[in-house]
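Enquirer: sequence and computational prediction follow.
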Amino acid sequence: MPAFNIPAMTTAIREHTGMEPELALVLGSGLGALADELDDPVVIPTSDLPSYPQSTVEGHAGKLIFGMLEGRSVLFIQGRVHLYEGHHPRSLGVPVRLAHALGARHLILTNAAGGLNPDWKPGTLMLITDQINMAMTSPLTGPVQDGEVRFPDMSSPYDPEWTAQAERLAVNRNLQVRCGVYVWTAGPSYETPAEITFFRRIGADAVGMSTVPEAIQAAALGMKVLGISTITNLAAGLHATSLNHEEVLEVGREVRERLAAWIRALVAAPLPAV
Ligand code: HPA
């Protein structure tokens, strides 16, 4: 079981900044440039934080970026921890635990995902309304931590009020968004066409290798969560060519402006009560 020390990480952060983020946002693949939106940023490499699980994947440089956005103190997390990197399931919740320890009670999870609906073009933005855990593991594996619930309720992992508000804000800005269910796989291989057929039948709309453990961790801590997927490609078997990570990063970069404008509007709007 990995030993991570949230108080030691918090102390290390406090040597760089006293900012207490109201809201944390986890940046998905190819979305790192969103961090440029922050005013007065303070950037802390996760390698400076004792016991933070180090990320190894291209497009996921490990950094915490504190700053102001639309007058609100926010933390952008560019140091997501994935199961396929070899981390213990418990490590997947560390970024969320840390954000919570720093004061954040609202969490926006973003990701790049494969689309299971053949009508959704790459670049489609999807609000996550629910999730399916096909990696069959949990960041809560192991002893209960302070402030956590042993058996968290998962009947609405993505806050319905916040999600409805996000949808309204998108409509007001003529931004087309979809809503759907996200399924988490362990990766790192992309799915087979047979797996995609299965995921469609069980009710998923998007597939990816992140987000679900973070939403579980946030539920255990009583945080409000909003989830946004960028559909970067049609999933295996729905599209003639094979999949590659470059394509995922490229589409992530293309949606950047639309997503940044939407996130600004979300941060400027009142946050749901915790
Ligand atoms: N499958 C899994 N993860 C992904 C995909 C996909 O098709 N696209 C982006 N992340």
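Expert: Received it, and whenever you're ready, just let me know what you need.
Enquirer: count of neighbours near the residue in the stretch 1-150 of the chain that the ligand sits nearest to?
Expert: In the stretch 1-150 of the chain, no residue comes nearer to the ligand than Gly114, which is 2.2 Å away by Cβ to the nearest ligand atom. (Glycine included, C-beta is placed from N, CA and C.) Gly114 has 27 neighbours, counted by other Cβ atoms under 10 Å.
Enquirer: surely it meets Met209?
Expert: No. With contact defined as Cβ atoms under 8 Å, Gly114 does not reach Met209; the gap is 9.8 Å.
Enquirer: show me what contacts the closest residue to the residue of the stretch 1-150 of the chain closest to the ligand other than its chain neighbours?
Expert: Once flanking residues are discounted, Gly114 sits nearest to Ala235: 3.6 Å by Cβ to Cβ, 6 or more residues apart in numbering. Shown in contact with Ala235 (Cβ atoms under 8 Å, 6 or more residues apart in numbering): Gly114, Gly115, Leu116, Tyr190, Glu191, Ile196, Phe199, Val207.
Enquirer: now Asp48
Expert: Taking Cβ under 8 Å, 6+ apart, we find Asp48 in contact with Ala12.
Enquirer: so of the contacts of Ala235, which ones are in strands?
Expert: Gly114, Gly115, Val207 (DSSP state E).
Enquirer: looking at those residues, which is nearest Thr10?
Expert: Val207 (34.1 Å; Cβ to Cβ).
Enquirer: number of nearby residues for the closest one?
Expert: Per other Cβ under 10 Å, the neighbour tally for Val207 reads 27.
Enquirer: what about it, distance to Ala112?
Expert: Distance of Val207 to Ala112, given as Cβ to Cβ, to the nearest Å: 11 Å.
Enquirer: Phe170 in helix, strand or coil?
Expert: Quick fix: residue 170 is Ala, not Phe. For Ala170, the secondary-structure state derived from DSSP: H, G, I helix; E, B strand; the rest coil is helix.
Enquirer: quick check on the spatially closest residue to it that is not a sequence neighbour: phi, psi?
Expert: Counting by Cβ to Cβ, 6+ apart, the nearest residue to Ala170 once its immediate chain neighbours are dropped is Val177, at 4.4 Å. Backbone torsions for Val177, taken as degrees, to the nearest 10, come to phi -130, psi 150.
Enquirer: let me see the contact set for Val177.
Expert: Contacts of Val177 (Cβ under 8 Å, 6+ apart): Thr124, Leu125, Met126, Leu127, Ala166, Glu167, Ala170, Val171, Trp262.
Enquirer: what of Leu31?
Expert: So Leu31 contacts Thr110, Ala112, Thr230, Gly252, Arg256, Leu259 (Cβ under 8 Å, 6+ apart).
Enquirer: flag every residue of the stretch 1-150 of the chain that's near the ligand.
Expert: Ala112, Ala113, Gly114 (Cβ under 6 Å from any ligand atom).
Enquirer: if you set the cut-off to 5 Å instead, what comes out?
Expert: Within reach of the ligand by Cβ under 5 Å from any ligand atom, the stretch 1-150 of the chain has these residues: Ala112, Gly114.
Enquirer: strands of the stretch 1-150 of the chain, start to end?
Expert: Using DSSP state E, counting those that start in this stretch, the strands assigned to the stretch 1-150 of the chain run over residues 23-26, 39-45, 63-69, 72-78, 106-115, 124-133.
Enquirer: for the stretch 51-200 of the chain, give me the ranges with low pLDDT.
Expert: Within the stretch 51-200 of the chain, the ranges that satisfy pLDDT under 70 run 57-61.
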